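Enquirer: Just a sequence and a predicted model for now, questions to come.
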Amino acid sequence: MVISANNFYSNMAYFSGNAIYIRNTLYKPQLSGSLVCAGVNLIGNNFINNFGMKVHNGGAVAAYCYYVTSTSHIDYGSLS
């Protein structure tokens, strides 16, 4: 996935990234040296006057990997 050439102006958030929030899911039993939880390129984006709450916010961009141990699971952690 590529996120490019965007302008993010005056975004605000209390938790987890005030402009972009990325949450990858990876099936942990298949984890190997060649399989990584990644694949998002941020290219040529502008972040202007974005702010978040100190300690709680991941900055303009927040990203993390959620490891699951079953192919059949309820995704309680999802915010979307």
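Expert: Sure, I can see it. These figures come from a predicted structure and were not determined experimentally. Numbers count the residues shown, from 1 in each chain.
Enquirer: where are the low-confidence patches of this structure?
Expert: 30-35, 56-58, 71-80 (pLDDT under 70).
Enquirer: Please enumerate the helices of it.
Expert: Counting by DSSP state H, the chain yields no residue ranges for helices.
Enquirer: Tell me which residue is most central in it.
Expert: residue 22 (1.7 Å; Cα atoms, centre = their mean).
Enquirer: contacting residues around it?
Expert: 40, 61, 62, 63, 64 (Cβ atoms under 8 Å, 6 or more residues apart in numbering). Quick note: C-beta positions are derived from backbone N, CA and C, even for glycine.
Enquirer: residues in contact with the third one?
Expert: Residue 62 makes contact with 16, 17, 20, 21, 22, according to Cβ under 8 Å, 6+ apart.
Enquirer: give me that answer again for 10 Å
Expert: 13, 15, 16, 17, 18, 19, 20, 21, 22, 23, 52 (Cβ atoms under 10 Å, 6 or more residues apart in numbering).
Enquirer: Report the two of the residues you listed separated the most.
Expert: 23 and 52 (16.8 Å; Cβ to Cβ).
Enquirer: And the two? Which one has more around it.
Expert: residue 52 (20 against 17; other Cβ atoms under 10 Å).
Enquirer: So for stretch 3-23, first residue to last residue, what's the gap.
Expert: 14 Å (Cα to Cα, to the nearest Å).
Enquirer: which residues in this structure form strands?
Expert: 2-4, 7-9, 12-13, 20-27, 41-43, 46-48, 51-52, 61-68 (DSSP state E).
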